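1. Any chance you can model this:
(one chain, ligands or ions: 1)
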Amino acid sequence: MENLKEQAGVRAAQYVTDGMTVGLGTGSTAYYFVQELGRRLKEEGLQIKAVTTSSRTSKQARELGIPLLDIDEVESIDLTVDGADEVDKDFNGIKGGGGALLMEKVVALPSQHYIWVVDETKLVNQLGAFKLPVEVVRYGAKQVFRRFEKAGYRPSLRLQDGQPYLTDMQNFIIDLDLKAIPDPEALALELDQMVGVVEHGLFNGLVDTVIVAGQTGLQILEKNK
Ligand code: 5RP
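-> Sure thing, here's the model as predicted:
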């Protein structure tokens, strides 16, 4: 599996060219993309600037000597490469397994080209088997939790070392065990409108290219092609 992730990450790095501002995703697959960029910087003299989607990725990028910009210093991002937890055939997906969904979405939106790197186990017919992460403000988090319970969304507060998991933005994450999401658009709208919800892990139609690593090789899925 690690090898598949590495293949996808390294392939995605081929989209990066000199002068680009690049968005660096988070997670165990995006990790390999960032490593490969670090290698190209060192060995090929690749010239890029980057924005990151988590403190973890910032640390990795700094260690590799990748020059970083603050998200508010950039008007647009040429290309962002990130991982995903599930992807359906309409290029909708779930992200946030690693807890970075808010920063990941903020970086995805101004990206001209947005690529996901996944292994083939992430491709699904319908989203929802993976628990949908929802980032909520800490104030009144239990109120939001109860609303999810009433809606039948089977919420659980994400924990780390027995304590509520804190995102880079100092919020909590509630994971929804939905089993199936028949209408991702409608659910996204509902969550967007809920007071206390900062962001959710539904990334509907944002990605334009998905690099899928499987046992038989790499597959590149492109939207509208
Ligand atoms: C982090 C994410 C990750 O990109 C997603 O969880 C996929 O991670 P991995 O490549 O480790 O499976 O959304 O918030």
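
2. make it CA atoms for all contacts and neighbour counts henceforth
-> Fine.

3. how distant is the top helix by length along the chain from the center of its chain?
-> The single longest helix within the chain, with elements called by DSSP state H, is helix 30-44. Centre-to-centre, helix 30-44 and its host chain are 19 Å apart (C-alpha atoms, centre = their mean, to the nearest Å).

4. Can you give me the buried ones in it?
-> 30-41 (16 or more other C-alpha atoms under 10 Å).

5. List the contacts of it.
-> 5-6, 8-13, 24-25, 46-47, 57, 60-61, 64-66, 81-83, 117 (C-alpha atoms under 8 Å, 6 or more residues apart in numbering).

6. go again using 10 Å as the cut-off
-> 2-3, 5-14, 16, 18, 22-26, 45-48, 56-57, 60-66, 81-84, 116-118 (C-alpha atoms under 10 Å, 6 or more residues apart in numbering).

7. Checking residue 212 next. Helix, strand or coil?
-> strand (DSSP: H, G, I helix; E, B strand; the rest coil).

8. give me every residue that touches it.
-> So residue 212 contacts 4-5, 7-9, 11, 116-123, 218-221 (C-alpha under 10 Å, 6+ apart).

9. Domain-wise, how is the chain divided?
-> 2-123+204-215, 132-199 (automatic domain parsing).

10. Deepest in the core, which of those domains is it.
-> domain 2-123+204-215 (a mean of 20; mean count of other C-alpha atoms under 10 Å).

11. averaged over its residues, what pLDDT does that domain have?
-> For domain 2-123+204-215, mean pLDDT is 97.

12. before we move on, what about stretch 143-152?
-> Per-residue pLDDT over stretch 143-152 has a mean of 98.

13. what sits opposite residue 117 in the beta ladder?
-> Taking DSSP bridges as the rule, residue 117 bridges to residue 211.

14. That one against residue 123, yeah?
-> No - taking contacts as C-alpha atoms under 10 Å, residue 117 lies outside contact range of residue 123: 11.2 Å.

15. shared neighbours of those two, which are they?
-> With C-alpha under 10 Å, 6+ apart, residue 117 and residue 123 have common neighbours 84, 210, 212.

16. Please give me every residue in contact with the second one.
-> Just to be clear, that refers to residue 210. So residue 210 contacts 8, 12, 81-84, 87, 91, 114-119, 123, 219-223 (C-alpha under 10 Å, 6+ apart).
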